[in-house]
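K.L.:
Give me coordinates for this.
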Amino acid sequence: MASSELEKRPASVVDPHDEPSVEWGWHGTFPKATRIAGWLTAIALLLMLIGNHRGHIEDIYLIGTAAAIVLALIWDRIRSRTAWRR
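P.N.:
Modelled structure (predicted):
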């Protein structure tokens with residue numbers, strides 16, 4: 001006879017053969033370190049504007065790349081702040 005209780009199973013079952021890190025308990029990301037690295041990279045790109053180059057095409061690429069990183073960091077911050085509302 002079938003049981004009236006629903007069978008519970010984990011929401012995400014990860015096979016240790018696919019991802020060996022599951023065996024020793026770590027299966028995640030480093031969101032704080034990633035954000036810190038992003039800000040440091042954007043600052044480093046802007047510091048590269050100081051130099052002895054004559055052309056300004058490099059400046060455009062440096063500012064554009066730094067702006068893209070900053071926008072991605074801001075978008076990630078907004079997304080993580082409102083994630084609990086969904």
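K.L.:
who's in contact with stretch 40-52?
P.N.:
The contact list for stretch 40-52 (C-beta atoms under 8 Å, 6 or more residues apart in numbering) reads 58-59, 62-63, 65-66, 69-70, 73. Any C-beta I mention is one placed from the backbone N, CA and C, and that applies to glycine too.
K.L.:
JSON lines for those, including pLDDT and secondary structure?
P.N.:
Below are the contacts of stretch 40-52 laid out as JSON lines (pLDDT from 0 to 100; DSSP: H, G, I helix; E, B strand; the rest coil):
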{"residue": "Glu58", "pLDDT": "90", "secondary structure": "helix"}
{"residue": "Asp59", "pLDDT": "92", "secondary structure": "helix"}
{"residue": "Leu62", "pLDDT": "95", "secondary structure": "helix"}
{"residue": "Ile63", "pLDDT": "96", "secondary structure": "helix"}
{"residue": "Thr65", "pLDDT": "97", "secondary structure": "helix"}
{"residue": "Ala66", "pLDDT": "98", "secondary structure": "helix"}
{"residue": "Ile69", "pLDDT": "97", "secondary structure": "helix"}
{"residue": "Val70", "pLDDT": "97", "secondary structure": "helix"}
{"residue": "Leu73", "pLDDT": "95", "secondary structure": "helix"}
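K.L.:
Could you work out the most separated pair of the residues you listed?
P.N.:
The most widely separated members of these are Glu58 and Leu73, with 22.5 Å between them, by C-beta to C-beta.
K.L.:
hey, where'd the helices end up in this structure?
P.N.:
31-47, 57-81 (DSSP state H).
K.L.:
Include mean neighbour count when you put those helices into TSV, please.
P.N.:
Output for the helices of the chain, formatted as TSV (neighbours: other C-beta atoms under 10 Å):
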stretch	mean neighbour count
helix 31-47	13
helix 57-81	13
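K.L.:
Contacts only, for Ser80.
P.N.:
Residues in contact with Ser80, defined by C-beta under 8 Å, 6+ apart, are Pro31.
K.L.:
And it, how far from Arg35?
P.N.:
9 Å (C-beta to C-beta, to the nearest Å).
K.L.:
swap in Leu62?
P.N.:
Distance check for Leu62 against Arg35: by C-beta to C-beta, it reads 21 Å.
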